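1. what would the 3D arrangement of this be:
(one chain, ligands or ions: 1)
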Amino acid sequence: MKIFLDSANLLFIKKYNDMGIIDGITTNPTLLSRERDNPAMLMREIVSIVKGPVSLEVTATQTEEMVEQAHRLRKYGQNVIVKIPMIPDGLKAVRQLTHEGIPTNVTLVFSANQALLAAKAGASYVSPFIGRLDDIGQDGLEVIRQIVQIFRNYEFGTKVLVASVRHPLHVIESGRIGADVVTLPPEILAKLIFHPLTDNGLASFLKDWEQLKKETPNVEI
Ligand code: E4P
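-> A predicted model of the protein is given here:
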């Protein structure tokens, strides 16, 4: 399973990119609005830092304008995936962009049927928002199960990108179901790295090493 970082923050992007644990980035207008930088410059910078796919979202809602924005976003780099909202005009834009060879990520997907239609239009990725489904009392992971099964049954090439991830269990379950990608906010990725037994274990190893050095002069590794 691939891991994308769901962020437009350069510090987090550099930090996790340097660790080699992220395969790509997803952004959206809300994430860009949280940063102080000019969004166009910021998107260009992100695309230049990260080698893998970077999803950049259109803000238009009509097909023609979406396609124009997609062309502009693709000029930022060959790794740009154009994020298109799951609306009728969006599906039309996806179809057109697919014919042009431009990869797309259909966003704001909340049902298996929406994912199916996005795949039929030619989307490279679909982004079901599982946390927002959980928030309204629906089972986000069940929607992932349904989408993965349907895509497998009919051999769709569209990748399932689990979005709106809220806790580490969402990640484990997405992997067990067989989703292609999870996109994680920095705070969730940090939780995946951390385990109290790791920190306790390291503290005790270092303490014992210090003791050993006191008892055995000139010890080095
Ligand atoms: C995905 O591409 C979206 O940017 C994101 O996962 C939405 O998550 P949220 O529900 O936490 O805003």
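2. for the chain, what lies in contact range of the ligand?
-> 6, 26, 28, 107, 127, 129, 131-132, 163-164, 183 (CB under 6 Å from any ligand atom). (Each C-beta comes from the backbone N, C-alpha and C, glycine too.)
3. in strands only, show me the residues you listed.
-> 6, 26, 107, 127, 183 (DSSP state E).
4. quick check: the farthest pair among these?
-> Greatest spatial distance in those: Asp6 and Thr107, 11.2 Å, computed using CB to CB.
5. quick check: the nearest residue in space to Lys159 that is not next to it in sequence vs Ala123, distance?
-> Nearest-residue entry for Lys159: Asp180, 3.9 Å, with adjacent residues in sequence omitted and distances by CB to CB, 6 or more residues apart in numbering. In this view, Asp180 and Ala123 are 12 Å apart by CB to CB, to the nearest Å.
6. who's more crowded, those two?
-> Ala123 (31 against 16; other CB atoms under 10 Å).
7. re earlier: shared neighbours, Asp6 and Thr107?
-> When contacts are counted by CB atoms under 8 Å, 6 or more residues apart in numbering, Asp6 and Thr107 have Ala163 as shared neighbours.
8. related to what we said a few turns ago, in a markdown table: the residues of the chain next to the ligand, plus neighbour count and distance to Ala60.
-> Output for the residues of the chain next to the ligand, formatted as a markdown table (neighbours: other CB atoms under 10 Å; distance: CB to CB, whole Å):
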| residue | neighbour count | distance to Ala60 |
| --- | --- | --- |
| Asp6 | 23 | 22 |
| Thr26 | 27 | 19 |
| Asn28 | 19 | 14 |
| Thr107 | 24 | 14 |
| Ser127 | 28 | 18 |
| Phe129 | 18 | 20 |
| Gly131 | 16 | 26 |
| Arg132 | 15 | 22 |
| Ala163 | 26 | 21 |
| Ser164 | 20 | 22 |
| Thr183 | 27 | 22 |
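9. in what helix or strand does Glu65 lie?
-> Following DSSP states H and E, the helix or strand that holds Glu65 is helix 63-74.
10. got a list of contacts for that helix?
-> Contacts of helix 63-74 (CB under 8 Å, 6+ apart): 43, 56, 58-60, 80, 82, 84, 89-90, 92-93, 96-97, 102, 104.
11. from those residues, which would you call buried?
-> The neighbour-count test (16 or more other CB atoms under 10 Å) applied to the contacts of helix 63-74 identifies 43, 56, 58, 60, 80, 82, 84, 89-90, 92-93, 96-97, 102, 104 as buried.
12. which one of those sits closest to the ligand?
-> Nearest to the ligand out of the buried ones among the contacts of helix 63-74 is Leu56 (CB to the nearest ligand atom; 10.7 Å).
13. average pLDDT for the strand or helix carrying the closest one?
-> In this assignment (DSSP H and E), Leu56 forms part of strand 54-57. Regarding strand 54-57, the rounded mean pLDDT is 98.
14. neighbouring strands - and their directions - for it?
-> Using DSSP bridges, the strands paired with strand 54-57 are strand 24-26 (parallel), strand 80-85 (parallel).
15. for that strand, output the C-alpha coordinates as PDB.
-> C-alpha atoms of strand 54-57 as PDB (Å, rounded to 0.1, in the frame of the first residue of the first chain):
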ATOM      1  CA  VAL A  54       1.200  15.100  -6.400                       C
ATOM      2  CA  SER A  55      -2.600  15.700  -6.500                       C
ATOM      3  CA  LEU A  56      -3.500  19.400  -7.200                       C
ATOM      4  CA  GLU A  57      -7.100  20.300  -7.200                       C
END
